[in-house]
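Asks: below: sequence and its predicted model.
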Amino acid sequence: MKTVRFIAHILYGAALILAVGYGLTALYSAVVIAFKTPQFTVIDGGRRFAILYPFSDAPFLLGLNAFGQISTMILLIALYAVFFLLLSEVFQIFRADKWFTKRGITRLRAFYLGNFIAPSLAYLFCVLCWEVESPAELLVGLHALLGVFTFFIAAIFEQGVHLQHEQDLII
Amino acid sequence: MPIIVNIDVMLARRKMQSKELAEILDITPANLSILKTGKAKGIRFDTLEALCNALQCQPGDILEYLQDESATHNTNSS
């Protein structure tokens, strides 16, 4: 149990850092593009765009200068921020002394629903706005697989909560 | 449930308070309340032993089996 808690601690921190990183990147990109700040530059004769690091000339994000691609890119970065946030919530379950709780089930449910729904909707949005690159279907499939695993873990937790409740009534 | 928990009766006989008993048993007052009201699913031998020790009684003084009418009827018909 100590090992699990220790690993969960590390993974929780890593997932949270990634969530904040992706979140800030999405926010920064959105602000830079929306307000057309000097950090947003158009290169290759207007064909491509570059978002520069704050207070520097080094490119941070590069892409084709088209509304569909820009919006898809920001959406994906924001969705990965949400993904890592939900993942950190899952790891948080295993940091606690008591694992089988209703709150834990809620966290797992949010994670598997997120993995089922968000990639599919994002894929649909990408198809409508922009041509989808080949690994996109694979990513949707992998997230769905992750969702299925989490769905079963949530079912185990539901049974665990029930057993925990029974155990708590043996005094 | 046909098993009746008579901790209240024994507490009254020993002139002891629930809070005091909970402290002796090293369980929370909430858990003692669950036990007293018959909401518990079971009782551990350790707890039963501590109860008997604290209340100076036998397990039979704490737990009582009350046969319900449907069970009696079933037994008679078979």
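Replies: In hand now; what should we look at? Numbers count the residues shown, from 1 in each chain, chains lettered A, B, ... in the order given.
Asks: what residues does chain B have near chain A?
Replies: When proximity is defined as C-beta under 8 Å from any C-beta of the partner chain, chain B approaches chain A at B:27, B:31, B:32, B:34, B:35, B:39, B:40, B:41, B:42, B:43, B:44, B:47. C-betas here are computed from N, CA, C, even on glycine.
Asks: now, which of those lie within strands?
Replies: Counted as lying in strands by DSSP state E, out of the residues of chain B next to chain A, is not a single one.
Asks: buried members of those residues into ChimeraX, please.
Replies: To isolate the buried members of these in ChimeraX, using 16 or more other C-beta atoms under 10 Å in any protein chain shown:
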select /B:27,31,32,34,35,40,43,47
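Asks: which is the next helix or strand following the longest helix belonging to chain B?
Replies: Taking DSSP state H as the criterion, chain B has its longest helix at helix B:45-55. Downstream of helix B:45-55, the first helix or strand assigned by DSSP states H and E is helix B:59-62.
Asks: list the buried ones in the helix or strand just after that next one?
Replies: Downstream of helix B:59-62, the next assigned helix or strand under DSSP H and E is strand B:63-65. Along strand B:63-65, not one residue counts as buried under the neighbour rule (16+ other C-beta under 10 Å).
Asks: ok, back up a step: which one of the residues of chain B next to chain A is nearest residue A:143?
Replies: When these are ranked by distance to residue A:143 (C-beta to C-beta), residue B:41 comes first, at 40.4 Å.
Asks: now the closest one: how far from residue A:167?
Replies: Distance check for residue B:41 against residue A:167: by C-beta to C-beta, to the nearest Å, it reads 8 Å.
Asks: how about the residue most central in space within chain A, what does it touch?
Replies: Among the residues of chain A, the smallest C-alpha distance to the mean C-alpha position (C-alpha atoms, centre = their mean) belongs to residue A:83, namely 1.8 Å. If you count contacts by C-beta atoms under 8 Å, 6 or more residues apart in numbering or on different chains, residue A:83 has them with A:19, A:114, A:115, A:118, A:143.
Asks: same question for residue A:171.
Replies: When the contact criterion is C-beta under 8 Å, 6+ apart, the partners of residue A:171 are B:27, B:31, B:32, B:34, B:35, B:40, B:42, B:43, B:44, B:47.
Asks: which residue sits closest to the first one, ignoring its sequence neighbours?
Replies: Pointing back at residue B:27 there. With sequence-adjacent residues excluded and distances taken as C-beta to C-beta, 6 or more residues apart in numbering or on different chains, residue B:27 is closest to residue A:171, at 6.4 Å.
Asks: leaving out sequence neighbours, find the closest residue to residue A:150.
Replies: Nearest-residue entry for residue A:150: residue A:112, 3.9 Å, with adjacent residues in sequence omitted and distances by C-beta to C-beta, 6+ apart.
Asks: okay, buried residues for stretch A:118-129 please.
Replies: For stretch A:118-129, the neighbour count (16+ other C-beta under 10 Å) marks A:118, A:119, A:122, A:123, A:125, A:126, A:129 as buried.
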